[in-house]
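# Test case, fold it:
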Amino acid sequence: QLQASGGGLVQAGGSLRLSCAASERTFSVYAMGWFRQAPGRDREFVAARAWSTGSTLYAESVKGRFTISGDNAKNTVYMQMNDLKPEDTAVYYCAAGRLLTMSGRYDYWGRGTLVTVSS
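Sure thing, here's the model as predicted:
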């Protein structure tokens, strides 16, 4: 199971840190990622990280503002979100899978956490 947390309401320019803890059963997967879905829009990739190598991928829209990191001992991946913008408002989902990819090809998905950025 994946448990995401850390969402909330923040003003534009502010910061939030999302966390996603993976249970032992899903820890063997290769990568974890974050996706988001805004109202009326399709789900989109945000960032992903490979557990073993630390390699990362980012969507162009968040490069330089968001940072994904992980704590292997805690089976947890984090996403530090800085300089948040109203267009970052969405439900954020974490996912785990066998590939480090920007596609939605992840095997496990957690419940979302809502991030709301006010202007």
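
# Which element, helix or strand, includes the closest residue to residue 47 other than its chain neighbours?
In space, and not counting its chain neighbours, residue 47 is closest to residue 68: 4.2 Å by Cβ to Cβ, 6 or more residues apart in numbering. C-betas here are computed from N, CA, C, even on glycine. According to DSSP states H and E, residue 68 maps onto strand 66-71.

# Would you tell me what the next helix or strand after that strand is?
Next helix or strand after strand 66-71 toward the C-terminus (DSSP H and E): strand 76-81.

# quick one: low-confidence ranges for the chain?
Applying pLDDT under 70 to the chain flags residues 24-28.

# and if we set it to 90?
Applying pLDDT under 90 to the chain flags residues 1, 3, 22-30, 51-52, 72-75.

# Dig out what the residue positioned nearest the centre of the chain forms beta bridges with.
Nearest to the mean C-alpha position of the chain, by Cα atoms, centre = their mean, lies residue 34 at 2.6 Å. For residue 34, the beta-bridge partners are residue 47, residue 94 (DSSP bridges).

# so who does it touch?
18, 20, 46, 47, 48, 68, 77, 79, 92, 93, 94, 95 (Cβ atoms under 8 Å, 6 or more residues apart in numbering).

# from the residues you listed, which single one is nearest residue 119?
Nearest to residue 119 among the contacts of residue 34: residue 92, at 18.9 Å, using Cβ to Cβ.

# State the helix or strand in which the closest one lies.
Remark: residue 92 resides in strand 90-97, with elements defined by DSSP H and E.

# Pull the residues that contact the next helix or strand after that strand.
Per DSSP H and E, the first helix or strand lying C-terminal to strand 90-97 is strand 108-109. If you take Cβ under 8 Å, 6+ apart as the criterion, strand 108-109 is touched by 1, 2, 22, 26, 29, 93, 94, 95, 96, 97.

# Neighbouring strands of strand 108-109 in the sheet, and parallel or not?
Here, using DSSP bridges, strand 108-109 pairs with strand 90-97 (antiparallel).
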